[in-house]
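# need a structure here:
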Amino acid sequence: MPTVPYHQERKTVKSAVETLNPTRVKLTVEVPFEELKPSLDAAYKHIAQQIAIPGFRKGKVPAAIIDQRIGREPVLEHAVNDSIPQLYLQALRENDLEPLSQPEVDIAGYGDGQPLEFTVELDVAPDITVPDYDGLEVSVDDAEVSDADIDEQIEGLRQRFGSLRDVERPAAKDDFVTLDLSAAKDGEPIEEAQTTGYSYQAGSGTMLDGLDDALEGMSAGESKTFTSQLVGGELAGEDVDVTVTVSAVKEQELPAIDDEFAQLASEFDTVEELRGDLTERLRRAKRVEQAAAARDAVLERLLDMVEIPLPDQVVADEKQSRREQINQQLAYAGLTEEQYLETEGQTVDEWEADLERRVRDALAARFLLDEVAKAEQLGVDESELTQQIVRRAQQTGVQPDEYAQQAMQQGQVPELVGEVRRGKALALIVEAANVVDASGNPVELKRLLPDGTYASEDTDETGEGDEAGESGEDTGEETAPAAAKDDS
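This next block holds a predicted model:
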C-alpha cells in the first residue's frame, strides 16, 4: 500500500493511549468508514487480478460483480488488513511512541459502512527522569607503570627473538617439541583427530588435557598413549586414546638483555632507550584502561541513582539473542556450553543469572543514555556515522562500503545513529564527572571521542589512534571461548 505522506495524514482518525505499566501501552485507534475508501479501491483491484470471470478481462472485473460473485466481506477484510499497518504507524507518530517489541493487534470491530476499531499493545521505553550528573564523584585505580610491567614486556620481546636448538635429552617444561598426535576410539582411528609435525611448547597447557603430563620425560623417537577428551567433532567430550610421538626436542635460547638486543628488537640503540619507550607506551595504555574504568564507574553510579523499569519481553528477546551469539562462537571454537561453563567454573544457573544481569544493565544504560541524548539535543553528523560504520566493519571483518550497504538494506542505519548518540551522551556524562585515582589525583577525561571511546595523547584530529579504548556502552554483542571472558 502506498505510504501516506506525513502532511497528508488522515486527521479524522482518532487514537488514544492507555498506559498498562511503565513499559507497556495500549493504543486504541478508531477510523471512520470513509477513510477506508482508498484501501477498498485497492482491495477490489487486487481481487480483480486474482479471479477469472467470463466476459471480463483479468483485472477489469467491476466492483459490483466482485460483490456478487465473491461477496463484500472478503473485500472489507482485505481493505482492513491492508490499512492497519499504515494506520498503526500514523498513530505511533501522533502519540510520539517508539515501539520496542512486535505489536499485538486486536481488531475490535468493522463492517460495511461502520468504523474500523482496533487496539494495539506494545512495549515502549520507560519515562526516565535523568538525575543531575554534573560533578559525579568516582575513584579509579592509579595508572602506575612498575618495573615488573616493563620487565614483562622485555621478556615478551626476548621470547619473540629467541632461537631454538636441538637437544639430546628428555623434554622439559618450556621446551619446544615437534610431535605427531593420533586419536582413536575403541581402536579405530579418528580421521579428524590426526596431527603431524606440530610444534608445541611443553607445559603451556594449550592442547589436549593430559598431553603435558605425557610429554614429561619423553625424548625424540619415543611414543606414549594417554586418555583424553576431544574438544570438537562428533566425539567431543568423549574419552579417546591419544598417541603422541616426539620427533624432536628443542631448547629455547633467549638473547641477553643488552644494547645489541635493543637494536635487534627495536629501533633503539640502547636498552635504556628501549625501556623508556616501553614505559611511555605502557603509561598510555594504563591511561586508556583508567579512563575506561572511570567511564564504567560513572555510568554505574548514575544508573544507581535512578530506577529504570524494563520490558520483560525485550529482556527475554535480548537474552535469547546473546545466548545464540555465544553458542555460535562456542561452536566455532569447538566447545560445548558444558565445556565452556566448566572452564569458567560456573553452573548453568549462575551463567543464566549473570547473563540476565548483563542484559538488564545494558538495557538500562541504553534507555538512560537515549534520554540524556534527547535532553541535550545531541545530533549525529555524517562523519560521525561514517566513523561508526568503519568501526563496525572492522569488528565484523568486512569492508566499510560493504557494511554500509548491508546496514542500509537491513534498515540498521537508525540503530547505528543511536549508538553514536548514546556514545556522545556517555562522553558528556563522564566529562562532567569528578574522577580521582586511588592516590587522590584528578583523572583527566577531556579527550573522550564522540562515540564514548577515549583518545590518547597521540590521537590525531580525526579521532584515529591506536590507543583508543572500547566503548563502555553495551552494544549487545557477546563473546565466547577464548573469546568468552570479555563481556560486551
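
# any chance you could map the strands in this structure?
Taking DSSP state E, the strands of the chain run over residues 14-21, 24-31, 104-111, 114-123, 137-140, 163-166, 176-185, 188-201, 223-229, 239-253, 434-437.

# Tabulate the ones you listed (TSV), appending mean pLDDT and distance to residue 394.
No exception for glycine: its C-beta is placed from N, CA and C like everyone else's. Below are the strands of the chain laid out as TSV (pLDDT from 0 to 100; distance: least, C-beta to C-beta, whole Å):
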stretch	mean pLDDT	distance to residue 394
strand 14-21	93	40
strand 24-31	94	38
strand 104-111	91	39
strand 114-123	94	33
strand 137-140	93	27
strand 163-166	91	35
strand 176-185	94	34
strand 188-201	90	31
strand 223-229	93	36
strand 239-253	94	34
strand 434-437	92	29
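
# and those strands as JSON lines, adding distance to residue 400?
Shown next, in JSON lines, are the strands of the chain (distance: least, C-beta to C-beta, whole Å):
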{"stretch": "strand 14-21", "distance to residue 400": "41"}
{"stretch": "strand 24-31", "distance to residue 400": "38"}
{"stretch": "strand 104-111", "distance to residue 400": "38"}
{"stretch": "strand 114-123", "distance to residue 400": "33"}
{"stretch": "strand 137-140", "distance to residue 400": "34"}
{"stretch": "strand 163-166", "distance to residue 400": "41"}
{"stretch": "strand 176-185", "distance to residue 400": "40"}
{"stretch": "strand 188-201", "distance to residue 400": "37"}
{"stretch": "strand 223-229", "distance to residue 400": "42"}
{"stretch": "strand 239-253", "distance to residue 400": "41"}
{"stretch": "strand 434-437", "distance to residue 400": "34"}
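
# Nearest to residue 349, out of these?
Of all the strands of the chain, strand 223-229 sits nearest to residue 349, with 24.1 Å by C-beta to C-beta.

# list the buried ones in that closest one?
224, 226, 228-229 (16 or more other C-beta atoms under 10 Å).

# now stretch 385-405
If you call a residue buried by 16+ other C-beta under 10 Å, then stretch 385-405 has these buried ones: 385, 387-389, 391-393, 403-404.

# before we move on, what about stretch 122-130?
Within stretch 122-130, the residues that count as buried by 16+ other C-beta under 10 Å are 122-126, 128, 130.

# Likewise for stretch 295-315?
Under the neighbour-count criterion of 16+ other C-beta under 10 Å, stretch 295-315 has 295-299, 301-303, 308, 310-311, 314-315 buried.

# for stretch 113-124, same thing?
Buried residues in stretch 113-124, counted by 16+ other C-beta under 10 Å: 115-116, 118-120, 122-124.

# just to revisit the earlier point, closest one to residue 280 among the strands of the chain?
With distances scored as C-beta to C-beta, the stretch of these nearest to residue 280 is strand 434-437 (18.6 Å).

# Find out how far that closest one is from the centre of the chain, if you would.
Relative to its chain's centre, strand 434-437 lies at 29 Å (C-alpha atoms, centre = their mean, to the nearest Å).

# Residues touching that strand, excluding its own?
With contacts defined as C-beta atoms under 8 Å, 6 or more residues apart in numbering, strand 434-437 is touched by 135-143, 290, 294, 297-298, 442-443, 445.

# Show me how to select, in PyMOL, the buried members of those residues.
Entered in PyMOL, the line below selects the buried ones among the contacts of strand 434-437, by 16+ other C-beta under 10 Å:
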select buried, resi 136+138+140+143+290+294+297+298+443+445
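
# Among the contacts of strand 434-437, which one sits closest to residue 284?
Distance to residue 284 across the contacts of strand 434-437 (C-beta to C-beta) is lowest for residue 143, with 9.3 Å.

# Which residues are in contact with that closest one?
With C-beta under 8 Å, 6+ apart, residue 143 has these contacts: 283, 286-287, 289-290, 437.

# Drop anything exposed from the residues you listed.
Looks like these have 283, 286-287, 290, 437 buried, using 16+ other C-beta under 10 Å.

# mean confidence for stretch 376-391?
What stretch 376-391 shows for mean pLDDT is 93.

# Now do residue 349 against residue 356, distance only.
Look at residue 349 and residue 356: by C-beta to C-beta, to the nearest Å, they are 11 Å apart.

# ok, the two, which is more surrounded?
Each of residue 349 and residue 356 has its neighbours counted (other C-beta atoms under 10 Å); residue 356 has more, 14 against 8.

# Quick one: the helices in this protein, in order.
Listed in chain order, the helices of the chain (DSSP state H) span 37-50, 63-69, 72-94, 147-160, 211-215, 259-265, 271-304, 312-332, 337-344, 348-375, 382-396, 400-409, 413-431.

# In CSV: those, plus distance to residue 205.
Shown next, in CSV, are the helices of the chain (distance: least, C-beta to C-beta, whole Å):
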stretch, distance to residue 205
helix 37-50, 67
helix 63-69, 76
helix 72-94, 56
helix 147-160, 16
helix 211-215, 6
helix 259-265, 27
helix 271-304, 27
helix 312-332, 20
helix 337-344, 12
helix 348-375, 23
helix 382-396, 29
helix 400-409, 37
helix 413-431, 38
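
# how about low-confidence regions in this structure?
Residues of the chain meeting the criterion pLDDT under 70: 1-11, 447-488.

# follow-up on the earlier one: I'd like the buried residues of stretch 122-130 as CSV, with distance to residue 373 appended.
Converted to CSV, the buried residues of stretch 122-130 look like this (distance: C-beta to C-beta, whole Å):
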residue, distance to residue 373
122, 22
123, 20
124, 17
125, 12
126, 16
128, 12
130, 10
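
# which one of the residues you listed is nearest residue 328?
Lowest distance from residue 328 to the buried residues of stretch 122-130 (C-beta to C-beta) belongs to residue 123, with 26.2 Å.

# thought that closest one was touching residue 97?
No - using C-beta atoms under 8 Å, residue 123 is not in contact with residue 97; the gap is 10.3 Å.

# I'd like to know which of the buried ones among the contacts of residue 143 is nearest to residue 429.
Residue 429 lies nearest to residue 290 out of the buried ones among the contacts of residue 143, by C-beta to C-beta, at 17.0 Å.

# For the residue in the chain sticking out farthest from the centre, grab phi and psi.
Within the chain, the residue lying farthest from the chain centre (C-alpha atoms, centre = their mean) is residue 55, at 60.4 Å. Dihedral angles of residue 55 (phi, psi; degrees, to the nearest 10) stand at phi 90, psi -10.

# quick one: contacts of stretch 164-176?
Contacting residues not belonging to stretch 164-176 are listed as 177, 199-203, 215-220, 246, 248-253 [C-beta under 8 Å, 6+ apart].

# Also stretch 223-234?
Here stretch 223-234 makes contact (C-beta under 8 Å, 6+ apart) with 183, 190, 192-193, 208-211, 213-214, 218, 236-246, 333-335, 339.

# and if you look at stretch 187-197?
So stretch 187-197 is contacted by 178-184, 230, 233, 235, 240, 242, 247 (C-beta under 8 Å, 6+ apart).

# Kindly report the same for stretch 253-269.
Stretch 253-269 is contacted by residues 154, 157-165, 270-271, 273-274, 277 when judged by C-beta under 8 Å, 6+ apart.
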